[in-house]
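Student: predicted structure and sequence below. I'll ask about it afterward.
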Amino acid sequence: MSSFLILSALVLLGTIGAGLVRVSRGPSAADRMLCAQLFGTTGVAVLLLLAQAYERPALRDVALIFAILASLVIAVFVKHAAIHRQGDDGG
């Protein structure tokens, strides 16, 4: 079971690699932000898989902190984008 969890974590790390390609080629800031969200959620999933595979409960705590930080990053991005959009509309 442990090898399956580690293999799953490696597959998820591959999706982060694909996301890095999208970040470098993303035409807009929204595309790049979606990739950052992908990094956050995938990072949480990888940490949870590794916590289960290696029986390290501390990794679950780190995954929880990453999940909170990822949601905060999205909220800040949306606020930042809204401020810049108001400035472009007529300010």
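Tutor: Sure thing, it's come through.

Student: okay, CA-based contacts and neighbour counts for the rest of this
Tutor: OK.

Student: what's the biggest helix by length in the chain packed up against?
Tutor: Counting by DSSP state H, the longest helix found in the chain is helix 57-90. Applying 3 or more C-alpha pairs under 8 Å, 6 or more residues apart in numbering; DSSP states H and E, one finds that helix 57-90 makes contact with helix 29-54.

Student: what's the helix it packs on packed up against?
Tutor: Looks like helix 29-54 contacts helix 2-25, helix 57-90 (3+ C-alpha pairs under 8 Å, 6+ apart).

Student: any idea how far that helix is from the chain center?
Tutor: Its chain's C-alpha centre and that of helix 29-54 lie 4 Å apart, by C-alpha atoms, centre = their mean, to the nearest Å.

Student: report the angle between it and helix 2-25.
Tutor: Angle, helix 29-54 to helix 2-25, by axes from the mean of the first three to the mean of the last three C-alpha atoms, to 10 degrees: 170 degrees.

Student: buried ones in helix 29-54?
Tutor: Burial within helix 29-54, assessed by neighbour count using 16 or more other C-alpha atoms under 10 Å, is assigned to 32-53.

Student: returning to what we had before: please produce TSV containing the helices and strands packed on helix 29-54, extended by mean pLDDT and mean neighbour count.
Tutor: Below are the helices and strands packed on helix 29-54 laid out as TSV (pLDDT from 0 to 100; neighbours: other C-alpha atoms under 10 Å):
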stretch	mean pLDDT	mean neighbour count
helix 2-25	90	15
helix 57-90	86	13
